[in-house]
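Novice: just coords:
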């Protein structure tokens, strides 16, 4: 997509140049790149504080601009930044800040200006009389000054009694442009939100203080949908075979989210009613199931979503019982297998705003891959299978206490790193990659992926054995790495390598031009970059270029709660990213087979 170039002239004499998709407002573009512009209304044009001057280029004035500025100032280029849509290259003068906005560092080294959708204002209202017969809502709206929220029927039912019982001294709670609550007295210092990473295997919740951006508590647990299968395909299949499965899967998702919300609120000593918004980042299947949407079209060609952008829902619609009117922000999806979790991850990484060429790999059962920079992004999904979750590994387990997470081979034995520093009970995904990479390194596994026989072993021949006719390597006691386990990893890494190599070919980019490889997801956090390179999981680049990005889906959910402008950035990504379907490539199988061998 052709982008527009915006040059911001700051009050200290510096200039900042950014590029954004056409149609983005000058305020959003500035916020995405850490350029502060005064505002308190969240971009709704009601506070009239985000004034800028268009010094070069043209932006037609809107009716709200006409209310904010006299005709001569409009002719001189003055506009409200939140209304100034960039349809061409612009030079923009930014006045000095009246107030200094708060900021927080979050995501992959990103600094975000705090401007949550949830705002609280304490007001003391004059009682109505015969000379002042404004409605209750008008009276409150007039007192809010910079906010002009609307109210639904439910809040209107409670508004009159709430004002009168509190002697007209109340705190208004506004989410985006909706009045969701009126509380007696001054409660403006307490406002919270919960960010969820709704994973296929694990669900993570983080409670945030919206005033400071600080995380107050975090908790995780296995997705209660696990009995229906370890991956999205088996859960989709369950809904196709049993009409009762979909409502059951929906209820299990709600139970998981609700229990985590209760846990983080209890830990931080926050009342659930003080949580005014949630954000949920999940893949397309998990989101469909949580909403009770039929996922069957996701599982069969041509792999169609019910919708890419989801409707407004409440937290209660997802089983999260916090403030009764708290909205739930759900991330949009790029496609059936590049869902809202990846959009959240891209938001957290800032790939669409970075000049560097980067490769984003979310390693899991379904591996999502994104390549690009601010000049453009291209994405795909590769069917890696459950090897990284330990599900398809004979002695495999999830990354929990007792799991072998690191392996190092030496002439005198095997060095193991075990989660919790306890007796090993199994092998998790990062341990699997380490084990195979080490076996390849020392020559106990050949390029084809086959374990050598004891008589051909350059070291540790006593560790090579056979169990029921299958070759295996003894890691610890009864914990073996079997030949079939190595094959499972080969299939996974071949699918991923085929994905990123085809994206390189699709874009005409040489792998040496890649500045950074981001390994995302909980698995990517513990994966050794050197070993990922050794087995061909990621491109053969210098090790420092391969970095762990951590749980970027959860970080993106936090960003969306802390910044209304970042939330708009998530929607903009739908236009920014081009999706490539691998199953439509006639050469996919040939490429996959070629990538099975270890380098």
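Specialist: Happy to help now that I have it. Bear in mind the structure is a predicted one, so any value in this text is a computation, not a measurement.

Novice: ok, the residue sitting furthest away from the middle of the chain - contacts?
Specialist: Using Cα atoms, centre = their mean, the residue of the chain lying farthest from its centre is residue 130. It sits 53.1 Å away. Applying Cβ atoms under 8 Å, 6 or more residues apart in numbering to residue 130 gives no contacts. Quick note: C-beta positions are derived from backbone N, CA and C, even for glycine.

Novice: Tell me if I'm right that residue 578 and residue 378 touch.
Specialist: Yes - Residue 578 lies in contact with residue 378 (Cβ atoms under 8 Å); the separation is 4.9 Å.

Novice: Could you check which of these two has the larger neighbour count?
Specialist: Remark: of residue 578 and residue 378, residue 378 carries more neighbours, 18 against 15, as counted by other Cβ atoms under 10 Å.

Novice: So what pairs up with the more buried one in the strands?
Specialist: As for beta bridges, residue 378 partners with residue 371, residue 578 under DSSP bridges.

Novice: Okay, the residue farthest from the centre of the chain and residue 167: tell me how far apart.
Specialist: Residue 130 sits 20 Å away from residue 167, going by Cβ to Cβ, to the nearest Å.

Novice: swap in residue 160?
Specialist: 13 Å.

Novice: cool, and residue 11?
Specialist: Distance from residue 11 to residue 167, by Cβ to Cβ: 44 Å.

Novice: same question, residue 330
Specialist: 39 Å.

Novice: Settle it for me: which of these two has more neighbours?
Specialist: A count of neighbours by other Cβ under 10 Å puts residue 330 above the other of residue 330 and residue 167, at 25 against 12.

Novice: Name the nearest residue to that one, ignoring sequence neighbours.
Specialist: Nearest residue to residue 330 in three dimensions, chain neighbours excluded: residue 310, at 4.3 Å (Cβ to Cβ, 6 or more residues apart in numbering).

Novice: and that neighbour, how many neighbours?
Specialist: 20.

Novice: what is residue 90 paired to in the beta sheet?
Specialist: Bridge pairing for residue 90 - DSSP bridges - gives residue 6.

Novice: who touches it in this structure?
Specialist: Per Cβ under 8 Å, 6+ apart, neighbours of residue 90: 4-7, 26, 54, 56-57, 59.

Novice: most surrounded residue in those?
Specialist: For the contacts of residue 90, neighbours tallied by other Cβ under 10 Å; top is residue 26, 27 neighbours.

Novice: Would you confirm that that one contacts residue 92?
Specialist: Yes - applying Cβ under 8 Å, one finds residue 26 in contact with residue 92, separated by 5.7 Å.

Novice: wait, doesn't residue 260 sit right on residue 220?
Specialist: Yes - taking contacts as Cβ under 8 Å, residue 260 lies within contact range of residue 220: 7.5 Å.

Novice: Who has more neighbours out of the two?
Specialist: residue 260 (23 against 16).

Novice: Which residues are in contact with the more buried one?
Specialist: Residue 260 neighbours (Cβ under 8 Å, 6+ apart): 196, 203-205, 219-221.

Novice: for residue 211, same thing?
Specialist: By Cβ under 8 Å, 6+ apart, the neighbours of residue 211 are 189, 191.
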